[in-house]
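**Student:** I need the structure of the sequence given here:
(2 chains)
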Amino acid sequence: MNKSLITLDNLGIGYNGQPVMSGISISIESGSFTAILGANGSGKSTLLRTILGLLPPVSGYINTSLSGTPLVFGYVPQSIMLDSVYLLTGFDVALMGVYGRVRAGRFLPKAERAFTRECLRATGAEEFAGKPFAELSGGQKQRVLIARALTTRPDVLVLDEPTAGIDRETTHTVLEFISEINKERKITVLLVTHDFAAVRHYAEQVIWLHEGNVFHGPARELLTTERMAEIFETGVY
Amino acid sequence: METLHQILSPDFLLRNSIYISVLVGLSCPLVGVFLVMRRLVFMGVALPQISSTGVAIALSLPLWLGFKLTEHGSHSVHSLAFAGSMTFSLTAILVLAFLERRGRGQPEGRLGTAYVVSAALSILLLSKNPYGEIGWLDMLKGEIITISNFDLVLTAATLMLVLGTLGLFHKELLLVSFDRDMAITLRKKVVFWDVLLYLLIGLTVSVAVLSVGPLITFGFLLIPALTAHLLAHNVRQFTVLASVIGGIVAFLGFYIAYQWDLPVGPTDVVILGVLYAAVWIVTGLIPRGLSKLT
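**Tutor:** Sure thing, here's the model as predicted:
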């Protein structure tokens, strides 16, 4: 059995001390591919932001360290959240991932630049990395942002709606690629989406937030037509 | 050509004025690029004005407390004005940035109100202050005539400090500005970097307002950065180009003002405005022209 990487114990999530959801107790195992699913406003982004440390827990306990060392999150935000006024190339954006390892005021070592190019190559983003990030297509931006997440040398790759705003074909290409990273690099993947259909073939575990309830289990059990209908109709686990 | 020789001569009477003008022209756009990237353009308008209100209040303090400042004590007057300018700039930028993050009300409304009230307040205060008559009112209007060696050295030292800090911590300041969430996941101290950036902006604005007045400070903070944004392809080009535009226009403005006996500040700002409009039109036409050809 794989060791637990992230533990949520009776966790309450919300904003400004006001709970959106509480009593969440889940473990995310090392090397797993977990999807956080739910409709808009269900609290999935709030849960993700709490796991990342961007929001404090309203109650309960969250452990995101391994043997006392904090986990490194390779965070892939929604590309729409990044302002196009910044004149950054794809390479500039990807390079930001190494900033966590370079002390303030120090120049970036050549090795880190080379590693960034390697990550861009691995995500198939090398050929357009010199172009302005704001002018890239949705799929290209995702590849650059995934490359940036990989440059952090992450324990967990965390993706917020990576398929939002991109077409069906590109959605499957992106998810296929994330799945490959998970299997080949043994990097734990935590992905937020509202696209049940797209993710069911790739995720092993599912955390499904529905009307204040949390359903957690293997994707092959939770995302069957019968089980989904049952949850949508009765809201019971 | 003769005027150019005259201006560049080390014996030129107004040499400190031109040095300080070019210094402000080169350095203000470097913090201005962060105001443009963070979409805080209106703050760039309000801050110099608030800073000048700080000067006005600081210069009114001795009067209110019953002290008398003489022209011989110009260093202490300058220090007092600097303290007022710095206090008001920093307080304003921190409060306005905090309110911006809280997201309540209309940011443009807050900044507009802060601008107009501080403009009115500084005029009211200085009109009732005897020190206003010995040059401060002119300075607040953007007249760069009497710059002492002390003013020049203080301004140069402060701006060098700002430039050095910006250069040294550029990657941290850029990361925190571009993707705050990413910076937090990389365990960067985002509040510290935010405060440092605001401190640098406040310091630059304070020094620039004291040296050349709020009008030119506003002009050089934003217009070179907005112009460079139309031409640059990456952040490095954006930063360097904004600074170069500021420096060249500062020199050109001084030259034209000296040649035709115009006030330097308004001349600089008008040139910056004309250049921005020209670049905006040209960069808008070129892609269209090219697409017609292809």
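
**Student:** alpha carbons only for contacts and neighbour counts from here, please
**Tutor:** OK.

**Student:** return the residues of the stretch 101-250 of chain B in contact with chain A.
**Tutor:** Within the stretch 101-250 of chain B, the positions near chain A by C-alpha under 8 Å from any C-alpha of the partner chain are B:168-172, B:175, B:178-179, B:181-182, B:184-188, B:229, B:232-235, B:238.

**Student:** going through the residues you listed, which ones are buried?
**Tutor:** Neighbour-count burial within those applies to B:169, B:171-172, B:175, B:178-179, B:181-182, B:184-186, B:188, B:229, B:232-235, B:238; the criterion is 16 or more other C-alpha atoms under 10 Å in any protein chain shown.

**Student:** dump the residue contacts of the closest residue to B:Leu47 other than its chain neighbours.
**Tutor:** Distances taken as C-alpha to C-alpha, 6 or more residues apart in numbering or on different chains place B:Ser89 nearest to B:Leu47, at 6.2 Å, with adjacent residues excluded. B:Ser89 sits next to B:47-48, B:50-51, B:54, B:202-203, B:205-206 when contact means C-alpha atoms under 8 Å, 6 or more residues apart in numbering or on different chains.

**Student:** A helix includes B:Ser89, no?
**Tutor:** Yes - assessed with DSSP: H, G, I helix; E, B strand; the rest coil, B:Ser89 lies in a helix.

**Student:** closest one to chain A out of the contacts of B:Ser89, please.
**Tutor:** Taking C-alpha to the nearest C-alpha as the measure, chain A lies nearest B:Leu203 of these, at 20.0 Å.

**Student:** so the closest one makes contact with B:Met86?
**Tutor:** Yes - using C-alpha atoms under 8 Å, B:Leu203 makes contact with B:Met86 at a distance of 6.3 Å.

**Student:** quick one: the helices in the stretch 1-150 of chain B, in order.
**Tutor:** Remark: helices assigned in the stretch 1-150 of chain B by DSSP state H, counting those that start in this stretch are B:2-8, B:15-37, B:41-65, B:74-102, B:107-127, B:136-141, B:149-168.

**Student:** dump these to JSON lines, plus mean pLDDT.
**Tutor:** Converted to JSON lines, the helices of the stretch 1-150 of chain B look like this (pLDDT from 0 to 100):
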{"stretch": "helix B:2-8", "mean pLDDT": "77"}
{"stretch": "helix B:15-37", "mean pLDDT": "90"}
{"stretch": "helix B:41-65", "mean pLDDT": "83"}
{"stretch": "helix B:74-102", "mean pLDDT": "80"}
{"stretch": "helix B:107-127", "mean pLDDT": "84"}
{"stretch": "helix B:136-141", "mean pLDDT": "61"}
{"stretch": "helix B:149-168", "mean pLDDT": "87"}
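
**Student:** next, format those helices as TSV and append distance to A:Arg200.
**Tutor:** Formatted as TSV, those follow (distance: least, C-alpha to C-alpha, whole Å):
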stretch	distance to A:Arg200
helix B:2-8	73
helix B:15-37	39
helix B:41-65	45
helix B:74-102	37
helix B:107-127	43
helix B:136-141	66
helix B:149-168	47
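
**Student:** do you know which of those lies nearest A:Gln140?
**Tutor:** With distances scored as C-alpha to C-alpha, the stretch of those nearest to A:Gln140 is helix B:15-37 (22.6 Å).

**Student:** so the closest one, near chain A or not?
**Tutor:** Yes - remark: helix B:15-37 sits within contact range of chain A at B:Met37, by C-alpha under 8 Å from any C-alpha.

**Student:** and that helix, what does it pack against?
**Tutor:** Judged by 3 or more C-alpha pairs under 8 Å, 6 or more residues apart in numbering or on different chains; DSSP states H and E, the packing partners of helix B:15-37 are helix B:41-65, helix B:149-168, helix B:190-212, helix B:214-231, helix B:235-260.

**Student:** just the CA coordinates for the fourth one, please, in PDB.
**Tutor:** Translated: helix B:214-231. The C-alpha trace of helix B:214-231 is given here as PDB (Å, rounded to 0.1, in the frame of the first residue of the first chain):
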ATOM      1  CA  PRO B 214       3.800  65.900  -8.600                       C
ATOM      2  CA  LEU B 215       3.000  66.700 -12.200                       C
ATOM      3  CA  ILE B 216       6.300  65.500 -13.700                       C
ATOM      4  CA  THR B 217       6.500  62.600 -11.200                       C
ATOM      5  CA  PHE B 218       3.100  61.400 -12.400                       C
ATOM      6  CA  GLY B 219       4.100  61.900 -16.100                       C
ATOM      7  CA  PHE B 220       7.400  59.900 -15.700                       C
ATOM      8  CA  LEU B 221       5.900  57.200 -13.500                       C
ATOM      9  CA  LEU B 222       3.300  56.100 -16.000                       C
ATOM     10  CA  ILE B 223       3.600  57.500 -19.600                       C
ATOM     11  CA  PRO B 224       7.000  56.000 -20.400                       C
ATOM     12  CA  ALA B 225       5.800  52.600 -19.100                       C
ATOM     13  CA  LEU B 226       2.600  52.800 -21.000                       C
ATOM     14  CA  THR B 227       4.500  53.800 -24.200                       C
ATOM     15  CA  ALA B 228       7.100  51.000 -23.800                       C
ATOM     16  CA  HIS B 229       4.300  48.500 -23.200                       C
ATOM     17  CA  LEU B 230       3.100  49.100 -26.800                       C
ATOM     18  CA  LEU B 231       6.600  48.400 -28.200                       C
END
